[in-house]
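S.K.: just to be clear, the model below is a prediction. Sequence and coordinates:
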Amino acid sequence: AQSVTQLDSQVPVFEEAPVELRCNYSSSVSVYLFWYVQYPNQGLQLLLKYLSGSTLVKGINGFEAEFNKSQTSFHLRKPSVHISDTAEYFCATSNDYKLSFGAGTTVTVRA
Amino acid sequence: GAGVSQSPSNKVTEKGKDVELRCDPISGHTALYWYRQSLGQGLEFLIYFQGNSAPDKSGLPSDRFSAERTGGSVSTLTIQRTQQEDSAVYLCASSAPAEANVLTFGAGSRLTVL
């Protein structure tokens, strides 16, 4: 079964600093990968997705991720974070129609 | 509708009571999912509906849990004889036929079982 592992449970970062959230996947078949964000007391919102094609994927709010097949990774990056980026971030993979999520990474942005 | 709508947003119930959680997916979305989010368990898949096909119920944790989807639209998740371990946020999501892997989530229903 496909799965993802998020390597960091908590990531504190200062405002305007870069951030990277790490995600590794395990799969022997075609890979669909996603990053979702969950702001406090809200549902999950899609940040970006990799289905095929270019390995560098750009998403909303200035986020991007790179699909790396040799390292089985799909790390999420943002060059300069804002206070409003404080949230929980989930990496996910899809097996046909079912999403499997990582445990989540809580990002706390401090002034 | 513009988004996935869930109700109630918060539900507090006593152990042993039955609860119903409702999900109204985006119009035109044929697929509907229920997930559960709880501390220590992360996001767990519960059930999946696709059109008129038989649902995938493989994620339902026990026979106290059931879900139905009427008319291919609104779905109700029912938990009978609630237990404290059922306390969680129940998230509904839907997806369009053209983007079956892209889920749009509702804000969730937070269930607290006392």
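M.R.: On my side now, so go ahead.
S.K.: and stretch B:51-59, end to end?
M.R.: One end of stretch B:51-59 sits 19 Å from the other (C-alpha to C-alpha, to the nearest Å).
S.K.: in that stretch, which residues are buried?
M.R.: Of the residues in stretch B:51-59, those buried by neighbour count under the rule 16 or more other C-beta atoms under 10 Å in any protein chain shown are B:Pro55, B:Asp56, B:Gly59. Where C-beta positions appear, they are placed from N, C-alpha and C, glycine not excepted.
S.K.: so which bits of chain A are right by chain B?
M.R.: Near chain B, the residues belonging to chain A are A:32, A:34, A:36, A:41-46, A:49, A:51, A:90, A:94, A:97-104 when assessed by C-beta under 8 Å from any C-beta of the partner chain.
S.K.: spatially central residue in chain B, please.
M.R.: Centrality entry for chain B: nearest residue to the mean C-alpha point is B:Trp34, 3.3 Å, by C-alpha atoms, centre = their mean.
S.K.: in three-state terms, label the most far-flung residue of chain B relative to its centre for me.
M.R.: Of all residues in chain B, B:Ala98 sits farthest from the chain's C-alpha centroid, using C-alpha atoms, centre = their mean; the distance is 22.0 Å. When the structure is split into helix, strand and coil by DSSP: H, G, I helix; E, B strand; the rest coil, B:Ala98 lands in helix.
S.K.: who's in contact with it?
M.R.: Under the criterion of C-beta atoms under 8 Å, 6 or more residues apart in numbering or on different chains, B:Ala98 has no contact partners.
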